[in-house]
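>>> Okay, predicted coordinates and the sequence, questions at the end:
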Amino acid sequence: MSSFAGHALAGVTAYLCSTGGARARAPSRWAVVPFVFVAVCPDLDYLGVWLLGYGAHPRITHSLLFALVAAVAVQCVAKAAGNTQPLRWRWLLLASVSHPLLDLLVGAHPVPLFWPLQDGVAVRGVLPSAGALRVGNAYLWRNLLIELGVLLPVFAALVALARGHAWGRWRAWTWCIAPLWAAFVIWSIRLPR
């Protein structure tokens with residue numbers, strides 16, 4: 001699985017993309033919460049494992065169907081709560097779909113993307129696994145660094161594109177970051193699986 005930080009950053013990225021360009025009204029600071037929630041909520045099934053010792057297989061919370069249901073549910077709750085600034089649907093859905101896609105990019109386990117039609121999809125991973133969640137686990141911190149090195153430049157580029165920044169404004173930044181990003185991708189791919 002990808003790390004909590006990677007999933008949360010995907011939600012923040014979708015939120016930042018949804019806020020639009022210079023003409024968009026500035027949303028409330030709290031508007032980021034639904035985006036981060038849908039990006040991390042598939043891992044709430046761990047509560048069943050930790051509290052009840054129950055582990056579902058396949059983890060249907062990692063399916064595209066669950067991502068769609070979660071995004072619709074959050075949108076309905078936001079409307080029912082009287083949200084005056086509706087959440088941008090495509091970005092909320094993208095935040096929700098980001099979770100199973102990031103886990104798929106880890107490649108450690110098959111992800112039930114197309115559940116109930118198919119049990120799981122697996123690919124060769126390009127992101128490191130989060131590893132055992134223990135503060136003293138050096139691999140956890142190394143893998144988190146690699147994951148952020150791979151994801152942050154991609155997320156920054158998505159935000160820049162969604163906000164309509166011209167290529168000329170961030171071209172120099174891209175040329176400086178691209179080799180560093182490539183180094184993190186190569187480091188990640190070379191990790192033993």
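Received the coordinates, thanks.

>>> use CA for all of it now, contacts and neighbours both
OK.

>>> which residues touch the residue nearest to F4 when sequence neighbours are not counted?
On the basis of CA to CA, 6 or more residues apart in numbering, the spatially nearest residue to F4 that is not a chain neighbour turns out to be V40, at 7.0 Å. For V40, the set of contacting residues under the criterion of CA atoms under 8 Å, 6 or more residues apart in numbering consists of 4, 7-8, 11, 96, 99.

>>> Tell me how many other residues crowd A81.
Residue crowding around A81 was assessed by other CA atoms under 10 Å; the count is 9.

>>> tell me the phi and psi of V111?
phi -110, psi 130 (degrees, to the nearest 10).

>>> how close does it get to P100?
When CA to CA, to the nearest Å is applied, the distance between V111 and P100 equals 7 Å.

>>> Identify the contacts common to those two.
Counting by CA under 8 Å, 6+ apart, the shared contacts of V111 and P100 are 62-63.

>>> Just the buried ones from the contacts of V40?
Neighbour counting over those (16 or more other CA atoms under 10 Å) leaves 7-8, 11, 96, 99 as the buried ones.

>>> G11 in helix, strand or coil?
When states are read from DSSP: H, G, I helix; E, B strand; the rest coil, the local structure at G11 comes out as helix.

>>> That one is in contact with S18, isn't it?
No - contact status for G11 versus S18: not in contact, 10.6 Å apart, counting by CA atoms under 8 Å.

>>> And the pLDDT for Y46?
Y46 is assigned a pLDDT of 75 by the prediction.

>>> Tell me which helix or strand it sits in.
If you go by DSSP states H and E, Y46 is part of helix 46-52.

>>> average pLDDT across the helix or strand following that helix?
On the C-terminal side of helix 46-52, the nearest following helix or strand under DSSP H and E is helix 64-80. Here the mean pLDDT over helix 64-80 is 92, rounded to a whole number.
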